[in-house]
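In: With the input below, show me the fold.
(one chain, ligands or ions: 1)
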Amino acid sequence: MSDLYHLFLRTEKEKQLQTKAWQLAEQFQKRAQHYDEQAVFPFENFAELKKARFLSLTVPKQYGGEEISLYEFLLVQETIAQGDGATALSLGWHLGIVMNLAEQKKWPEPVFERICHEIVHQQVLLNSAQSEAATGSPARGGRPETTAEKQNGRWIISGRKTYTSLAPALDYFIVSATIKETGEVGNFLIPKTAPGLQIEATWDTLGMRGTRSDDLILEKVEVDETALVEILHSPQAKGRAQGWLLHIPACYLGIAIAARNEAIAFAETYQPNTLPHPIAEVPEVRRKIAEIDLQLMAARHFMYSVADQWDRYPDKRQAMKEELAAVKYVATNTAIHIVDMAMRVVGGHSLFAHHPLQRHYRDVRAGLHNPPADDLTLSIVASRSFTKGNE
Ligand SMILES: Cc1cc2nc3c(=O)[nH]c(=O)nc-3n(C[C@H](O)[C@H](O)[C@H](O)COP(=O)(O)OP(=O)(O)OC[C@H]3O[C@@H](n4cnc5c(N)ncnc54)[C@H](O)[C@@H]3O)c2cc1C
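Out: Residues are numbered from 1 along each chain as shown. Model (predicted):
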C-alpha cells in the first residue's frame, strides 16, 4: 500500500481519509467474490460505509458534510475499489452527484438542503437513472422517451430506464424525462416509495455485477410539483466540465492496483520445481511488473494532477473538459492492460473462478462503457486541436 501512496498523500487529512477507506476496503475484499458470484448488491458494505459516515463525504460543510475535495474523493474511490470495484463504482455515483450538485447549484436550494440533511442524518443514497434502451449512453445527448406530464398540479412520469446502478438500495432516483407540454428535458427527484415505481432485475452481466444496475420502470409515477429539480440544457458535451466524473477512472485504477498486488504476491511465493527460487526472480516476470508500474505511475500522476488543478483553479475548470475526458480514457484503457499483464504473470491460476484476477478482468471491461466513451473523448480532443469545423 504505502509504496503506491507516499507521493499522493500530501496532508494529514488525506492520510486519515485514505486509511479509513483502506480499513473498509479490507473488509470489502473478503466479500467481493460472493457479491460477484451471486450478482447481489453489497448491502453489508454499504451498511459499513454508512456507519463510517462515508455517504456524506461530499456534502457541503454548510449542510453538515465533510465537503472533501475532488482529489480526496479520488483517493477514497481508488482505495475502496481495491477492496471491491462494484462497491466503489456505486459509491462514486452517489458521492459524485452530490459533489456536482453542490458545485453547479442547479437544484432549488431548499431541495438540495433537504437532501443534504437526509444524507448527513440518515445516510440516504441517491443516483441518476438517465440511460434508456433507445437513447443509449446519456453522454451522447439522446432525448429520453420517459415522459413527464402535468396533471392537476402534479407530475405523472412514465418510462423505463436501463443501467440504474444501486437500484435495490436507492432512497432517491434522479430520473430524466421529456416534459410533454414543452418538449424540454428535466430531472425529477423521485423517492423509492413513490407508487408506480418498480425495479426489474435485468442486470445479469459479465462484470460489475454487484452494482445491480437494473432497469427502473416508472408506470404513471405521481410526484408533486417540486420533484422537477432541474431543466437540462444542451445535453451534448457542450455543457459544463464535470470533475466529479473522475470517480470512474479512480475506480478502475483501484481495480488495476488490486490486480498488480495480486500478481506481485503470487510471484513472490510461487516456486515451481523447475526453479531454485520464486518466479519473482525471473527477468521476464520482473519486466512485466515494471511495465505494470510504469503504466500505473503515468495514469495515476495524470489523474491526480488534473484533480489537483481542478481543486486549485476553479476559474480554469471550464477549460479542462479535454483533460477530464483524457484522464478517463487513459485510466480505463491502462487498467484493462494492467489486469491483462497481471494475469500473464500469474498464468493459468488466474483463470479459476475463485481467483480475484478473473473478477478484476471482467470488472475493468465495464469502464469502457461508462461515460465518456473513448470515441467521444477522441472527438473532443481532436476538436481542440483543429480550429476549422468547430464553429
Ligand atoms: C457498470 C455500469 C454502471 C452504469 N451505471 C449507470 C447509472 O447509474 N445510471 C445511468 O443512467 N447509466 C448508467 N450506466 C449506463 C452508461 O452510462 C451507458 O448508458 C451504457 O453503458 C451504454 O453505453 P454505450 O456507449 O454502450 O451506449 P449505446 O448507445 O448502447 O452504444 C452501443 C454502441 O453504439 C455506439 N453508438 C451509439 N450511439 C452512437 C452515436 N450517436 N454515434 C456513434 N456511435 C454511437 C457506441 O459507441 C457503442 O459502441 C452504467 C453502465 C455501466 C457499464
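
In: so what secondary structure elements neighbour the helix or strand containing Gln198?
Out: Element membership for Gln198 (DSSP states H and E) is strand 197-200. Packing contacts for strand 197-200, counted by 3 or more CB pairs under 8 Å, 6 or more residues apart in numbering; DSSP states H and E, involve strand 214-224. To be clear about C-beta, it is placed using only N, CA and C from the backbone, and glycine gets the same treatment.

In: wait, does the strand it packs on contact the ligand?
Out: No - under the criterion of CB under 6 Å from any ligand atom, strand 214-224 makes no contact with the ligand; the nearest approach is 9.1 Å.

In: again with stretch 31-40
Out: No - using CB under 6 Å from any ligand atom, we find that stretch 31-40 stays clear of the ligand, coming within 12.2 Å at best.

In: what distance separates that stretch from the centre of its chain?
Out: In terms of CA atoms, centre = their mean, to the nearest Å, the centre of stretch 31-40 is set 18 Å apart from its chain centre.

In: rewinding a little: list the buried ones in the strand holding Gln198?
Out: Neighbour counts over strand 197-200 (16 or more other CB atoms under 10 Å) mark 197, 199 as buried.

In: Let me know the next secondary structure element after the helix or strand harbouring Thr87.
Out: Assigned by DSSP H and E, Thr87 falls within helix 85-104. Counting by DSSP H and E, the next helix or strand C-terminal to helix 85-104 is helix 109-122.

In: pLDDT on that next one, on average?
Out: Confidence over helix 109-122, taken as the mean pLDDT, stands at 98.

In: list the helices and strands it packs on?
Out: Contacts defined by 3+ CB pairs under 8 Å, 6+ apart place helix 109-122 against helix 85-104.

In: give me every residue that touches the closest residue to the ligand within the chain.
Out: The nearest approach of the chain to the ligand comes at Gly136, 1.8 Å away (CB to the nearest ligand atom). Going by CB atoms under 8 Å, 6 or more residues apart in numbering, Gly136 touches Gly142.

In: Enumerate the beta-bridge partners assigned to it.
Out: Glu132 (DSSP bridges).

In: neighbours around the closest residue to Met320 other than its chain neighbours, how many?
Out: Nearest residue to Met320 in three dimensions, chain neighbours excluded: Ala241, at 5.2 Å (CB to CB, 6 or more residues apart in numbering). Residues lying near Ala241 (other CB atoms under 10 Å) number 17.

In: go on, the one 3 residues further on?
Out: By other CB under 10 Å, 23 other residues sit near Trp244.

In: and it, that one's in a helix?
Out: Yes - under DSSP: H, G, I helix; E, B strand; the rest coil, Trp244 sits within a helix.

In: Would you confirm that it contacts Gln104?
Out: No - using CB atoms under 8 Å, Trp244 is not in contact with Gln104; the gap is 9.5 Å.

In: So what does Lys192 look like in phi/psi?
Out: Backbone geometry at Lys192, expressed as degrees, to the nearest 10, gives phi -60, psi -20.

In: name the element the nearest residue to Ser69 once chain neighbours are set aside belongs to?
Out: Excluding its sequence neighbours, the residue lying closest to Ser69 (CB to CB, 6+ apart) is Asp311, at 4.5 Å. Using DSSP H and E, Asp311 falls within helix 283-312.
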